[in-house]
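Participant: the following comprises the amino acid sequence and a computationally predicted model.
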Amino acid sequence: MAYEQKTKQTDNSVIEFIESVESISKKEDAYRLLDIFSEVTGYEAKLWGPTIIGFGVYHYTYATGHSGSAPLVGFSPRKAKISLYFTTEESVRNELLQQFGKHSSGKGCVYINKVSDIHIEVLQQFIQESVDFLQKTYPQP
């Protein structure tokens, strides 16, 4: 049975999605993050699935044969917290998280309450490290 990737890039409007965010402060933070991620990556924001704002794309194939596409970096202004999506080497991730500011983290996500809780310079470094790591790990033809 073939695996069907759930989260795919769509043609839906990033701006319309941000405008649909109920919390005014989360909406303002989403626009701030949109500017930061766009500036650091140089990529246009695209909506992945219904709620992830992604930048750039990489294609992967695991040893199991499973393959797919994902954004290099991204974020989602969710109701509870803002999810930030980064993929870096573990040692780089740990070092950056120590300097990041107020956050919590899961395996692939870093969660923040608001942008003012974190250090923007560290966010910018996290974004760049993630893009560099994924482009080196999964070079595109």
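Facilitator: Sure, I can see it. Numbers count the residues shown, from 1 in each chain.

Participant: how about low-confidence regions in this protein?
Facilitator: Scanning the chain for pLDDT under 70 picks out 1-5.

Participant: mind listing the residues bridging to Cys109?
Facilitator: Tyr85 (DSSP bridges).

Participant: test my guess that it contacts Thr87.
Facilitator: No: if you go by C-beta atoms under 8 Å, Cys109 and Thr87 don't touch, sitting 10.4 Å apart. Any C-beta I mention is one placed from the backbone N, CA and C, and that applies to glycine too.

Participant: and for Thr51, the neighbour number?
Facilitator: Counted with other C-beta atoms under 10 Å, the neighbours of Thr51 add up to 15.

Participant: equivalent analysis for Ser91, please.
Facilitator: Neighbours of Ser91 (other C-beta under 10 Å): 8.

Participant: which SS state does it fall under?
Facilitator: Counting by DSSP: H, G, I helix; E, B strand; the rest coil, the backbone at Ser91 sits in helix.

Participant: tell me where the chain has strands.
Facilitator: Along the chain, counting by DSSP state E, strands occupy 45-48, 52-55, 58-61, 67-70, 73-77, 82-85, 104-105, 109-112.

Participant: which one of those strands lies nearest to Gln9?
Facilitator: strand 45-48 (5.1 Å; C-beta to C-beta).

Participant: list the buried ones in that closest one?
Facilitator: Buried residues in strand 45-48, counted by 16 or more other C-beta atoms under 10 Å: 45-48.

Participant: how close does the spatially most central residue of the chain sit to Leu33?
Facilitator: Nearest to the geometric centre of the chain sits Gly74, at 1.8 Å (C-alpha atoms, centre = their mean). Separation of Gly74 from Leu33 (C-beta to C-beta, to the nearest Å) stands at 9 Å.

Participant: name the residues contacting each of those two.
Facilitator: Common contact partners of Gly74 and Leu33 (C-beta atoms under 8 Å, 6 or more residues apart in numbering): 53, 84.
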